[in-house]
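Student: quick one: sequence plus predicted model below, questions after.
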Amino acid sequence: MRAFLAIPFLLCTQAVAADVSAIVDDHILPRFERLAATTDQLAKVAATDCDPESAELRGSYHAAFDAWVAASHLRFGPTETGERAFALAFWPDPRGATPKVLSQLLSGSDPVVDDDASFASVSIAGRGFYALEFMLFDDQIMVAGTPEYHCKLVQAIADDIDQTADAIWQDWSDRYAALLKTAGTDGNATYQTREEAIQELYKALTTGLQFTSDARVGRPLGTFDKPRPRRAEARRSNRSLRHVVLSLQNLRDLARDLAAEDENLTNTVSAAFDEALARADVISDPSFADINDPQARLRLEILQQHIDAIREIHAANLGAHLGVSAGFNALDGD
Amino acid sequence: MATRRGFLAGLLAAGLVPKPGWADVGGPAFLAAAKLPEGGFHLFGLDPAGATLFSVPLPDRGHAAAAHPSRPQVVAFARRPGTFALVIDCMTGKTVAQLDAPEGRHFYGHGIFSVDGSLMFTPENDYEVGQGRIGIWDCDAGYTRVGEFSSHGVGPHDVVRLPGQDILVVANGGIDTHPDSGRTKLNLPTMRPNLSYVDLDGRLIEQVELDPALHHNSIRHLAIRDDGLVAFAMQWQGDTAEHPPLLGLHQIGSAPVLLSAPGDLQPTMKGYGASVAFSGDGQSAGISSSRGNTAHFYDVASAGFATAITAPDVSGLSGTQQGFLATTGLGEVLDIRKNVIQNVSRHPVSWDNHLISI
């Protein structure tokens, strides 16, 4: 009985073995800097070329969206202030709020697009990358409204994305990077111990894995009897599989950094991600549109199983290594 | 115990004990689900001091349970998003009925009986439309489903009943989920939790919404005092750098009161209220945080912070005559008196989220 009590839960008892400063400098800051740079480019391109079918505009949309997905697991601090992350990425959208808001703006030529400050007051569902995707790729919305108004709305969304990304980057470089790096020192009310900073980074890994498995893969997967290909993330611009791959690659980087002190653990965690990425490689339809076919659905389901194996086995081992494993109830979180 | 139970079962079979009550299973004061060291799941009946009186196996991980007001029957709910609940006869350990959520619905792991025990009410997710429902079950007809009404919000998690009245108090947590995407939260930017008082016809009697700045504070778990004062525990879905109040008190017809610990203590809750309870004398209210490995206690009359205890993975919390009983994922049962841990007993199990008063 005593042996059982002692073993299963390691609650912040071990030495903390991860270099927070290195993760801030090498993992976090470059990603948000890149997001700020690519969204700046997106806004500049949109200012001169707002044709939904423009190759240059679509190219800068893809580059900026890639940069967001590469940072989208870092959901704490600057991304959460003022709901900035949701202003960039309102998804999943189970009730179809984004097309509703855009259709309303387009049908009434709402003057809210005329200045940046008032556009930021638009429903959060009408802002960000997923709204821009509708504007550039959705059969109906890409041709809705007058061409002049459509153009202004594309530009307003791109500008707003740029400003939000700048605000996140500024906040990280001016304030939050230092907060994480000085965790556990006097006067740091956000991270009172170094363990709390490690826990924040570890949580970014586990919730990132959960989001990719449950939302990016799970939502289109639906059930065997009822696959839901139309729920696939960013399917209109053929980005669904790309988001899964990008998120796994970036989460692998974070996992490797967190495990860095233990070479064995680094290798096994890394191999588990590689295995999952190999399963993504054999999926041919970039938007998961083919998953009504049982074979195609099976391939996606196998990918999900591999992601869940990372969550259940390897992330759990990593948590134990870092001394931040959650207990039976804390992990359940209900 | 086993002998007595066998004896009673024999009497039952012979029709000599027509109406068994809770006294016939040792008069348990509490119910709690737990994971066993070998991996299975059981529901336990505990005496007022936290010693186990009986245990019955569950097919899967539990969450909370509801005790029938007179019969020694328990409805044990599966972990969210479960679609079944089992009615267990605590004398025989046998499942006597099963509640299956209708197509397109799942349970949240909580439920409550009507005053006379003839009906059972279950918070449910109507997940294709993302709206909360309260399912109605006829306990005297084998727990068949006889209807449902709106929970008047999204994500109804916990439900309690005003003392002696058939008015339900529903914690609409505000979070939209769909079983196809597990527990992924689908509407955080637009979530609007509320506390709703609903009569048995589904009519909304009163609804409490907090300040819009707190719309990320999911109203999740409930406790009720003999005079109808409701305590609600919240879970913060906003910026982790913010540490808003997680405990609220509300009396129907009045404004809610929010309670927070001073200084560096509120952040130790990690934005997470796991369970909430009033002490037996009703003078204290407690809120646990398994994520923060702590529980905070408040004086109800002054709404002032009293004290904090620390215990790894503490989650279940219920009132006792002298104070509180709390359970942890490490198998501990903490006897808390005058807001201090007086005694710790250990069980070779992992106690699950909630400790339910009978």
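Tutor: Happy to help now that I have it. Residues are numbered from 1 along each chain as shown, chains lettered A, B, ... in the order given.

Student: what residues does the stretch 101-250 of chain B put near chain A?
Tutor: By Cβ under 8 Å from any Cβ of the partner chain, the residues of the stretch 101-250 of chain B that approach chain A are B:109, B:130, B:176, B:178, B:180-184, B:186-190, B:238-241. For the C-beta atoms, the positions are set from N, CA and C on the backbone; glycine is no exception.

Student: need the buried ones from those selected in ChimeraX.
Tutor: Buried subset of these, written as a ChimeraX selection, criterion 16 or more other Cβ atoms under 10 Å in any protein chain shown:
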select /B:109,130,176,178,180,181,182,184,186,187,188,189,190,238,239,240,241
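
Student: how about residue 35: what's its closest non-neighbour residue?
Tutor: Picking chain A for this. Distance criterion Cβ to Cβ, 6 or more residues apart in numbering or on different chains; nearest residue to residue A:35, sequence neighbours excluded, is residue A:67 at 4.3 Å.

Student: to clarify, I was referring to chain B.
Tutor: Here the residue nearest residue B:35, using Cβ to Cβ, 6+ apart, is residue B:350, at 4.3 Å.

Student: doesn't residue B:329 make contact with that neighbour?
Tutor: Yes - counting by Cβ atoms under 8 Å, residue B:350 does reach residue B:329; the two are 4.8 Å apart.

Student: what's the overlap in contacts for these two?
Tutor: Shared contacts of residue B:350 and residue B:329 (Cβ atoms under 8 Å, 6 or more residues apart in numbering or on different chains): residue A:328.

Student: looking at those two, which is more packed in?
Tutor: Neighbours around residue B:350 and residue B:329, counted as other Cβ atoms under 10 Å in any protein chain shown, are more numerous at residue B:329. The numbers are 30 against 25.

Student: which residues sit in contact with the more buried one?
Tutor: The contact partners of residue B:329, by Cβ under 8 Å, 6+ apart, come to A:9, A:327-330, B:290, B:312-313, B:315, B:350-351.

Student: check residue B:35 too.
Tutor: A:328, B:41, B:61, B:349-350, B:352.

Student: gap between it and residue B:67?
Tutor: As judged by Cβ to Cβ, to the nearest Å, residue B:35 and residue B:67 stand 21 Å apart.

Student: for residue B:355, give the beta-bridge partners.
Tutor: residue B:32 (DSSP bridges).

Student: again, but for residue B:89
Tutor: Beta-bridge partners of residue B:89, as defined by DSSP bridges: residue B:73.

Student: would you confirm that it contacts residue B:68?
Tutor: No - using Cβ under 8 Å, residue B:89 is not in contact with residue B:68, being 10.0 Å away.

Student: quick one: secondary structure of the nearest residue to residue A:78 once chain neighbours are set aside?
Tutor: In space, and not counting its chain neighbours, residue A:78 is closest to residue A:171: 3.6 Å by Cβ to Cβ, 6+ apart. Applying DSSP: H, G, I helix; E, B strand; the rest coil to residue A:171 yields a three-state assignment of helix.

Student: make sure residue A:171 is actually in contact with residue A:80.
Tutor: No - using Cβ under 8 Å as the test, residue A:171 is too far from residue A:80 to be in contact (10.3 Å).

Student: any weak-confidence spans in chain A?
Tutor: A:1-16 (pLDDT under 70).

Student: closest to the centroid, which residue in it?
Tutor: Closest to where the C-alpha atoms of chain A average out (Cα atoms, centre = their mean) is residue A:72, at 2.6 Å.
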